[in-house]
Every structure is written in C-alpha cells, then in structure tokens.
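Q: Output the structure for:
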Amino acid sequence: MADKKEKSVTELVAVLAEKSGLTKAQAKSFLDSYAEVLADELNSTGSVQLVGVGKLKVGNRAERQGRNPATGAAITIPASKTVKFSAGKKFKESVS
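A: The predicted structure follows:
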C-alpha cells in the first residue's frame, strides 16, 4: 500500500476549488473564514457540532512535568487549552 501524504493547505485549496467550482482564491478565502468562525464559536461556547462529521470541543491540559530532550533537565510544562475532535459514526465509516 502506498504511503498517504498529508496535504498542504495549497493542495487542499486546489482540491476544494476543483470539487466546488470555486476559484482557488475563493476556496482559500472560504477555508480561512471557516477556521475563524470555528475558533470564534469554540471560544464562545466551548464546542461545535459538525453534523455528519463530528464534534470539536475545547479541552484543558493540566500542568505537568517533562524533560528537555536536549539536556535531560526536568521542566514544568504549563497548563494549556487544546481542541479535541470526536468523529461521528458516518464519518468514521467513510474513512477507509
């Protein structure tokens, strides 16, 4: 089986433009706007339900101890927020 390569934003924009009939500039603008809307919604409500795809939810990562890989010295990694994605059933089944 051939290795699947992660698509760059440029490649994703090209595929979106081709499948939607938009120009590449319109597809890029759409993706940028969509990402901004998702971020705004996550900041205001904490979760976004994407019907047919899944759910994005803000999660909290606790402060923890780690090691500097270059020196081996112990470091404290500060608490942070992250975005968690849970794929919906139909979306999971459509990915082979």
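Q: switch to C-alpha atoms for all contacts and neighbour counts from now on
A: Fine.
Q: So this protein: which segments form each domain?
A: Domain segmentation of the chain under automatic domain parsing yields 7-45, 46-96.
Q: Run the chain-centre distance for the first one.
A: On the basis of CA atoms, centre = their mean, to the nearest Å, domain 7-45 is displaced by 12 Å from the centre of the chain it belongs to.
Q: What is the end-to-end distance of it?
A: Separation of the first and last residues of domain 7-45 by CA to CA, to the nearest Å is 30 Å.
Q: Buried residues in that domain, which are they?
A: 12-14, 16-17, 24, 27-28, 31, 39, 42 (16 or more other CA atoms under 10 Å).
Q: Share the number of residues neighbouring the residue lying closest to residue 67 once chain neighbours are set aside, please.
A: Leaving aside its chain neighbours, residue 67 sits nearest to residue 74 (4.5 Å; criterion: CA to CA, 6 or more residues apart in numbering). When counting by other CA atoms under 10 Å, one arrives at 11 neighbours for residue 74.
Q: quick one, what contacts residue 74?
A: Shown in contact with residue 74 (CA atoms under 8 Å, 6 or more residues apart in numbering): 65-68.
Q: Specify the beta-bridge partners of the residue nearest to residue 46 when sequence neighbours are not counted.
A: Once flanking residues are discounted, residue 46 sits nearest to residue 58: 5.3 Å by CA to CA, 6+ apart. Under the criterion DSSP bridges, residue 58 forms beta bridges with residue 83.
Q: Contacts only, for residue 58.
A: Counting by CA under 8 Å, 6+ apart, residue 58 has contacts 42, 46-47, 81-84.
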